[in-house]
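Undergrad: After the sequence you'll find the predicted model.
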Amino acid sequence: MPFRFREEAGATGGVSPLIEHARLACSMHRVSFEGTDPQSVRVPADAVEELLQGLAKANVTTVRQLVPFAPGQHRREAFAGLFWRQLAKQCSVERIYLVPSGGHVLNLAHAQANEDRRHDLTARTVPVEARDGEPRVPMNDLWLIDEEVVVRREVGRAGAVSWVVSGHTSEVQRAMRLLAEAENGLAGRSPDAGPAGPDLTDVLLESAQMLYTLARMSCAGSRYIDAEDCLWYHGAWQYLRLFDMVSSPSWHAEFYAGQLRERFAAGARRVLISGTADYTTLAFVLDAARAVFGPQLPEDLDVHVLDLCQTPLLACQWYAGRLGLRDRVQVHRADIQHGYVPVDPGTAGNAGKGWFDLIVADAFLTRFDDATARRVVQAWRKLLNPRGAVLTTVRLHPRNDYRMRDTHDPEADKRYRVSDPTDNFELRLRDRAAGWQGILSIDLDELCQAGRDYANNMKSHDLGDAHDVAGIFKSAGFVVAPPKPGRVDGELIGTEYLRIAATPRHRPQPSTEYADAAPA
């Protein structure tokens, strides 16, 4: 039968309850935006200076603040800090800087906090890592004044900014909870629980919008990703990578970090990164080299990056330049199947047979069907020297898990299944990015649409289970160290990956400590 709204008691003239709820929604909207709520006022962004002037004139005794400190925002904060230093002469001002983890911006924040302390402010920094998902303490400005009034920065559609000043008890209690969690360090990952590889949160925030824009000019189709245009892939990748939505070496950090360090310590110097979505694999390689050799890398360390699309190659050049290692990293736009890598100007045109000590390729083989994947592995074998190794991960499609996983609700997977992976992907992205909206250079709706485009277009080839994948390497002349599949949340659905350390046949095998120690 058709759905009908039931008339409720008190409704006059047969007016639908939905109409009454609509009127109430409009009323609440006017209360919020027109300032008719006696306990809450919304202030436009361009009027915040007047708000600060009023705060300076009020008889305030304490101000406690949460302040995001992100790439590009520290200059604004340095200026705003002048006001708070003056205010600290007449009341207590406490500042907690929420800082994207990773080093560069964190160092700037430490310097800012030290400068604040010189001017009688109480200041501290709390690192926040995006790959943990939505932060418990959102990356957004919040002030608690005399534990009676909350001032918070709010980002609306299309990046529109306003400030909400509220005396509502619920707002005050929430602000006190967030401040307490930040003070206890719950906004970021415990130092003892950090990944084995590099923390790239602050770097990704710096470069994500740059590559999102650059991809419109440099993506021209990479054949195996998209024959026509891989913009949907490379354009959104770093934002998706920031929020741990896509496969990356960070999903296998202990495996890559341990294996790379072992190989460098054993004498590996020439490295080929075969296929990459951005600079993350390069970051793992360079991070492991520094862990072994220290800041001064050996002169003979030589890293090459090979891909069919110009966008990730430009990303790798940018990252290497940022570290002052541009001369150590060469990029090549070519097809790995052809086995052509110009190793140096004097050997341009050389196939480079047996030249590399290490080939690293994260989640690369499932870009290809079985026959093409076999040709890629054969090309790796030709490029590898007799004592070299291939380090890679391969998704095991037969182990896909369509259950919904929720760390806060262990029983969820028994009650629900992911009915639409694309919808689920978009909702997870929105949840994770919402807490960072105030410091992102992209509108949340635009980001979620880009994420949806990625989910709809992304394809991964099924190369079989663990023994099938190992067989591809064995048929190309490799010996595969005892691999251990590791479970990950996956992109659209949960799955397992095989972590492979493969070496040419007829040579002694290295230690398998790191391969076997990879977390499940």
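TA: Arrived safely.
Undergrad: for L306, what are its contacts?
TA: L272, I273, S274, G275, V331, H332, A334, I336, V341 (Cβ atoms under 8 Å, 6 or more residues apart in numbering). (Each C-beta comes from the backbone N, C-alpha and C, glycine too.)
Undergrad: Make sure the first one is indeed in a helix.
TA: Right, the one you point to is L272. No: read with DSSP: H, G, I helix; E, B strand; the rest coil, L272 is strand and lies in no helix.
Undergrad: start at 820 instead
TA: Sure thing, new numbering starts at 820, so read that last one as L1091.
Undergrad: Write down the beta-bridge partners of it, one by one.
TA: Listed beta-bridge partners, L1091: H1123, I1178 (assigned using DSSP bridges).
Undergrad: Verify the contact between it and L1202 for me.
TA: Yes: with contacts counted by Cβ atoms under 8 Å, L1091 reaches L1202, the gap being 6.4 Å.
Undergrad: Neighbour count: these two, which is higher?
TA: L1091 (28 against 25; other Cβ atoms under 10 Å).
Undergrad: returning to what we had before: can you tell me which of the contacts of L1125 is nearest A1198?
TA: Within the contacts of L1125, proximity to A1198 (Cβ to Cβ) peaks at I1155, which comes in at 5.3 Å.
Undergrad: right, and the closest one touches A1192 too?
TA: No: here I1155 lies out of contact with A1192, judged by Cβ under 8 Å, at a distance of 10.9 Å.
Undergrad: These two: which is more packed in?
TA: I1155 (25 against 19).
Undergrad: contacting residues around that one?
TA: Residues counted as contacts of I1155 (Cβ under 8 Å, 6+ apart) are S1093, G1094, L1125, V1195, A1198, W1199.
Undergrad: Rebuild those as a markdown table, extending it with distance to D965, pLDDT and secondary structure.
TA: Supplementary listing: these in a markdown table, determined by distance: Cβ to Cβ, whole Å; pLDDT from 0 to 100; DSSP: H, G, I helix; E, B strand; the rest coil:
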| residue | distance to D965 | pLDDT | secondary structure |
| --- | --- | --- | --- |
| S1093 | 59 | 96 | strand |
| G1094 | 57 | 94 | coil |
| L1125 | 60 | 94 | strand |
| V1195 | 64 | 96 | helix |
| A1198 | 68 | 94 | helix |
| W1199 | 65 | 95 | helix |
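Undergrad: Tell me which residues are up against stretch 1318-1327.
TA: For stretch 1318-1327, contacts defined as Cβ under 8 Å, 6+ apart pick out 1071, 1074, 1078, 1200, 1203, 1205-1213, 1288-1289, 1292, 1296-1300, 1302-1305, 1328-1329, 1331, 1333-1334, 1337.
Undergrad: Closest to Q905 out of the contacts of L1125?
TA: The nearest member of those to Q905, counting by Cβ to Cβ, is V1150 at 49.8 Å.
Undergrad: pretty sure the closest one belongs to a helix, no?
TA: No: following the definition three-state DSSP, V1150 is strand and is not counted among the residues of a helix.
Undergrad: residues contacting the closest residue to it other than its chain neighbours?
TA: Residue nearest to V1150 in three dimensions, not counting chain neighbours: L1132, with 4.0 Å by Cβ to Cβ, 6 or more residues apart in numbering. Contact analysis of L1132 by Cβ under 8 Å, 6+ apart lists V1124, D1126, V1150, H1151, R1152.
Undergrad: Next, give phi and psi for L1132.
TA: Main-chain dihedrals, L1132, degrees, to the nearest 10: phi -70, psi -40.
Undergrad: and it, what pLDDT?
TA: L1132 carries a pLDDT value of 96.
Undergrad: Would you mind measuring from it to A1055?
TA: To A1055, L1132 is 18 Å away according to Cβ to Cβ, to the nearest Å.
Undergrad: Buried residues in the strand of greatest length in the chain, which are they?
TA: For the chain, the strand that runs over the most residues, judged by DSSP state E, is strand 1203-1220. Using 16 or more other Cβ atoms under 10 Å as the burial criterion, the residues of strand 1203-1220 that qualify are 1203, 1206-1216, 1218, 1220.
Undergrad: same for the helix or strand hosting Q1078, what does it pack against?
TA: Under the criterion DSSP states H and E, the helix or strand holding Q1078 is helix 1072-1084. Helix 1072-1084 makes packing contacts with helix 1099-1112, strand 1175-1181, strand 1203-1220, helix 1332-1336 when contacts are defined by 3 or more Cβ pairs under 8 Å, 6 or more residues apart in numbering; DSSP states H and E.
Undergrad: Buried residues in that helix, which are they?
TA: A1072, E1073, F1074, Y1075, A1076, G1077, Q1078, L1079, R1080, E1081, R1082, F1083.
Undergrad: Give me the contact list for the one helix or strand N1275 maps to.
TA: Assessed by DSSP H and E, N1275 sits inside helix 1263-1276. When contacts are defined by Cβ under 8 Å, 6+ apart, helix 1263-1276 is touched by residues 974, 976-977, 1031, 1045, 1051-1052, 1054-1056, 1058-1059, 1064-1065, 1240-1241, 1244-1245, 1248-1249, 1252-1253, 1256, 1259, 1261, 1310-1311.
Undergrad: Just the buried residues from the residues you listed, in PyMOL please.
TA: With 16+ other Cβ under 10 Å as the criterion, this PyMOL line picks the buried residues out of the contacts of helix 1263-1276:
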select buried, resi 974+1031+1045+1051+1052+1054+1055+1056+1058+1059+1064+1065+1241+1244+1245+1248+1249+1252+1253+1256+1259+1261+1310+1311
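Undergrad: quick one: which of the contacts of helix 1263-1276 sit in strands?
TA: The strands in this structure, assigned by DSSP E, contain V974 from the contacts of helix 1263-1276.
Undergrad: ok, back up a step: counting neighbours, which of the contacts of L1132 end up buried?
TA: Looks like these have V1124, D1126, V1150 buried, using 16+ other Cβ under 10 Å.
Undergrad: Adding distance to L1266 and pLDDT, write these out as a markdown table.
TA: Written out in a markdown table, the entries for the buried ones among the contacts of L1132 read as follows (distance: Cβ to Cβ, whole Å; pLDDT from 0 to 100):
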| residue | distance to L1266 | pLDDT |
| --- | --- | --- |
| V1124 | 27 | 96 |
| D1126 | 24 | 93 |
| V1150 | 27 | 94 |
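Undergrad: Quick check: end-to-end length of stretch 1248-1257?
TA: 15 Å (Cα to Cα, to the nearest Å).
Undergrad: what separates that stretch from the chain centre, distance-wise?
TA: In terms of Cα atoms, centre = their mean, to the nearest Å, the gap separating the centre of stretch 1248-1257 from the centre of its chain is 11 Å.
Undergrad: Quick one: residues in contact with it.
TA: Outside stretch 1248-1257, the residues within contact range by Cβ under 8 Å, 6+ apart are 887, 949, 952-954, 956-960, 972, 974, 1058-1059, 1062-1064, 1259, 1263, 1266-1267, 1270.
Undergrad: All good on my end, thank you.
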